[in-house]
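Enquirer: sequence first, then the predicted structure:
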Amino acid sequence: MGAFSILGRITEEPKPLPEFFSDLNLDQIIDEIGNGFEPYDLKEYYYRMPNEKEDVLYRQEVLRELDPEMEEKITAFYRAVKKAQTYEQYAQDTEDRESSAHWHLSAAYTYYVALDELMVFLENRGQMATGWEDFYRLCIKLMERGEHKENHDLALALYRKISDIRYTMRVEEDHILILSHIEEEDYVGDLCRRFSHIIETPDQLYNILPGSQQSTDLEKRILRYLKKKHPPIFKEMVDFQERCPNIFPESILTFHREVSFYLSFLKFHHQMERHKYAFCYPQFVENDFRVEGGYDLALALNNLQEGKRTVSNDYHYKERERFFVVTGPNQGGKTTFGRAAGQLVYFAQMGLPVPADQAVLPLFNGLMTHFSVEESTQSGRGKLKEELVRLSGMLEERKKHSFVIINELFTSAATYDALHMGREILRYFLDDDCYGIYVTHIDKLAEENEYVVSMTASIEGQNVRTYKVERNKAEGKGYVESIVEKYGLTYDEIIRRLSHA
């Protein structure tokens, strides 16, 4: 078995930030997903999209296996290794030799015990998804290595010796006496029992070798006392640190970093579901694209802060249909609809659950977006030039069977020119068997054929925006009227103003 990755086959070279990330507000979403999983920067994994269907399904299987029980066990292992890494950092930062050796031993003990417990769980779990089976075999191979097994057994035995050490501290007026162990009531144990809902890590209260990165005078005195009373044990600790300076195998550190990709997403997933936002595992079917209850995840996060609900949409492509041309009033939900579809395609390609009630879609070869840009003061190019420069990169990339989102392109061009260029862009991507969404203010682009479907952002009553995007003929006049009314430019309003002039 080659190098193992719980993420499946991924490219090793670093990837730059994909252009579609900012267009789809994915950077905001990924920041929220990675919150609490520092110091890892999970964005590096979100920049790399699997290319093969088997790799996408591999990730889906890994995630599906993480039912509540297994998620709890993997999370416990993740936290234990993180704690062990913290102890090891203390060991490196502590100048006192024996204190450093003790932190090193604590790190080793914490890691080995966590690994033992996880291996027992996986063994009893039985048949699992391929990713977890491969990880379990990796753990077995680690334990079969003589050096790893010897260090494991030595660390556990030595830690038990340390745990058997007892001493007594007695406070008498302004003095603290350090004495040999005297049998008396276990106040620490009583505290742990009484306040179990508060004390999350009782083992730290029983840490018989005090000390931290900055030890107090009392802690230093206790340590000197114990070194005199138990010199062989302290020598064994120092010897263990010298014998086994590197506790964590590289394969375990890689797993620890990569599994945070799944654990962080599941944590985020649970948080959103508590707020009644659905996720589902998409099905991949060629020439079939249907979504129920799809919503903009970034907008949902913002709306949660403001106590608002996010409108979802249903949409589907029939038979040979490939592009939605979306028209409608300003701020009616057109761009949000495009972003929601792009986010859904992206998370599906990443092998993750998608923000929707149900989703069936093809597995695309790529995701490309082009959202309206402002003029660049640095380059000196106008808005149209900026758009054409970026568009040329998309055309040169020529990724057949991709999903494409174009938002308000050529708004600075004359209507006739924008219509002509827009039709050429649609024809280009249709020739490459791409699916996509074209959000535009040009109604004629929405003229339907077997490949192009007109969809509109609907309004109700007195131009009330519903943020629903549905199959409809483009009706630009109604949208103009909504803008005219918004800014008080109706015929009656102008006459009223003139009469008061």
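Expert: Yep, that arrived. Residues are numbered from 1 along each chain as shown.

Enquirer: ok, residue 445 touching residue 424?
Expert: No. The criterion here is CB atoms under 8 Å, and residue 445 misses it with residue 424 at 11.0 Å. For glycine as for every other residue, the C-beta is placed from the backbone atoms N, C-alpha and C.

Enquirer: neighbour count winner among these two?
Expert: Applying other CB atoms under 10 Å to residue 445 and residue 424 shows that residue 445 carries more neighbours, namely 22 against 9.

Enquirer: residue contacts, the more buried one?
Expert: Neighbouring residues of residue 445 by CB atoms under 8 Å, 6 or more residues apart in numbering: 325, 327, 419, 422, 423, 426, 438.

Enquirer: what about the third one, which helix or strand?
Expert: So the one you mean is residue 419. Per DSSP states H and E: residue 419 is located in helix 415-431.

Enquirer: which strands or helices does the helix or strand just after that helix pack on?
Expert: Where DSSP H and E defines the elements, the next helix or strand beyond helix 415-431 is strand 435-439. Judged by 3 or more CB pairs under 8 Å, 6 or more residues apart in numbering; DSSP states H and E, strand 435-439 is in contact with strand 323-327, helix 334-349, strand 403-407, helix 415-431.

Enquirer: within its sheet, name the partner strands of strand 435-439 and how each one runs.
Expert: Sheet pairing of strand 435-439 (DSSP bridges) gives strand 323-327 (parallel), strand 403-407 (parallel).

Enquirer: quick one, the first one and helix 415-431 angle?
Expert: Think strand 323-327. 150 degrees (axes from the mean of the first three to the mean of the last three CA atoms, to 10 degrees).

Enquirer: and what of the last one?
Expert: Using the same axes, to 10 degrees, one finds that strand 403-407 and helix 415-431 are set 170 degrees apart in direction.

Enquirer: could you shift the numbering so residue one becomes 361, and keep it that way?
Expert: Taking 361 as the first residue, the last one we looked at is strand 763-767.

Enquirer: C-alpha coordinates for strand 763-767, CSV please?
Expert: Extracted in CSV, the C-alpha atoms of strand 763-767 (Å, rounded to 0.1, in the frame of the first residue of the first chain):
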residue,chain,number,x,y,z
PHE,A,763,-20.5,24.0,-15.0
VAL,A,764,-20.4,27.7,-15.9
ILE,A,765,-21.9,30.7,-14.2
ILE,A,766,-21.9,34.1,-15.9
ASN,A,767,-23.3,37.1,-14.0
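
Enquirer: and the helix holding residue 779, how far out from the chain middle?
Expert: When distances are taken as CA atoms, centre = their mean, to the nearest Å, helix 775-791 is centred 36 Å away from the chain's centroid.

Enquirer: average pLDDT for it?
Expert: Mean pLDDT, computed over helix 775-791, is 89.

Enquirer: same check, this time on stretch 382-397
Expert: Here stretch 382-397 scores 93 as its mean pLDDT.

Enquirer: endpoints of that stretch, how far apart?
Expert: By CA to CA, to the nearest Å, the extent of stretch 382-397 from end to end equals 22 Å.

Enquirer: what of stretch 701-718?
Expert: With CA to CA, one end of stretch 701-718 sits 13 Å from the other.

Enquirer: would you mind listing the buried residues in that stretch?
Expert: Within stretch 701-718, the residues that qualify as buried by neighbour count (16 or more other CB atoms under 10 Å) are 701-716, 718.

Enquirer: same check, this time on stretch 612-622
Expert: 612, 614, 615, 616, 617, 618, 619, 620, 621, 622.

Enquirer: got the phi/psi numbers for the closest residue in space to residue 488 that isn't next to it in sequence?
Expert: Take residue 488 and drop its neighbours on the chain: the residue closest to it by CB to CB, 6 or more residues apart in numbering is residue 425, 5.7 Å away. With angles defined as degrees, to the nearest 10, residue 425 sits at phi -70, psi -20.

Enquirer: ok, residue 425 touching residue 487?
Expert: No. Counting by CB under 8 Å, residue 425 does not reach residue 487; the two are 10.2 Å apart.

Enquirer: who has more neighbours, those two?
Expert: Between residue 425 and residue 487, counting by other CB under 10 Å, residue 425 is the more crowded of the two (18 against 6).

Enquirer: my guess is residue 815 contacts residue 808, does it?
Expert: No. The criterion here is CB under 8 Å, and residue 815 misses it with residue 808 at 10.1 Å.

Enquirer: more neighbours: those two, which one.
Expert: residue 815 (24 against 13).

Enquirer: by contact count, what packs against the helix or strand containing the more buried one?
Expert: In this structure, residue 815 sits in strand 812-820 according to DSSP H and E. Counting contacts by 3+ CB pairs under 8 Å, 6+ apart, strand 812-820 is packed against strand 683-687, helix 694-709, strand 824-831.

Enquirer: next up, phi/psi of residue 577, please.
Expert: Backbone torsions for residue 577, taken as degrees, to the nearest 10, come to phi -60, psi -40.

Enquirer: longest helix anywhere in the chain?
Expert: Ordering each helix of the chain by length in residues (DSSP state H) puts helix 457-485 first.

Enquirer: kindly calculate the angle that the helix holding residue 779 makes with strand 812-820.
Expert: Angle, helix 775-791 to strand 812-820, by the same axes, to 10 degrees: 120 degrees.

Enquirer: show me what helix 775-791 is packed up against.
Expert: The contact analysis (3+ CB pairs under 8 Å, 6+ apart) places helix 775-791 against strand 683-687, strand 795-799.

Enquirer: for residue 584, find the nearest of the ones you listed.
Expert: Closest of these to residue 584 is strand 795-799, at 71.8 Å (criterion: CB to CB).

Enquirer: how far does that closest one sit from its chain's centre?
Expert: Offset of strand 795-799 from its chain centre (CA atoms, centre = their mean): 26 Å.

Enquirer: now swap in stretch 422-438 and tell me
Expert: Between the centre of stretch 422-438 and the centre of its chain there are 16 Å (CA atoms, centre = their mean).

Enquirer: re the thing from before, and residue 364, which of the helices and strands packed on strand 795-799 is closest to it?
Expert: The closest of those to residue 364 is helix 694-709. By CB to CB, the value is 22.5 Å.

Enquirer: for this structure, give me the ranges with low pLDDT.
Expert: Residue ranges of the chain with pLDDT under 70: 361-362, 371-375, 530, 536-548, 557-575, 733-742, 821-823, 836-847, 861.

Enquirer: tell me where it has strands.
Expert: All strands of the chain, identified by DSSP state E, fall at 527-532, 535-540, 643-644, 649-654, 673-677, 683-687, 718-721, 727-731, 763-767, 795-799, 812-820, 824-831.

Enquirer: now render the ones you listed as TSV, adding distance to residue 492.
Expert: Shown next, in TSV, are these (distance: least, CB to CB, whole Å):
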stretch	distance to residue 492
strand 527-532	44
strand 535-540	49
strand 643-644	22
strand 649-654	30
strand 673-677	35
strand 683-687	39
strand 718-721	25
strand 727-731	29
strand 763-767	31
strand 795-799	33
strand 812-820	42
strand 824-831	40
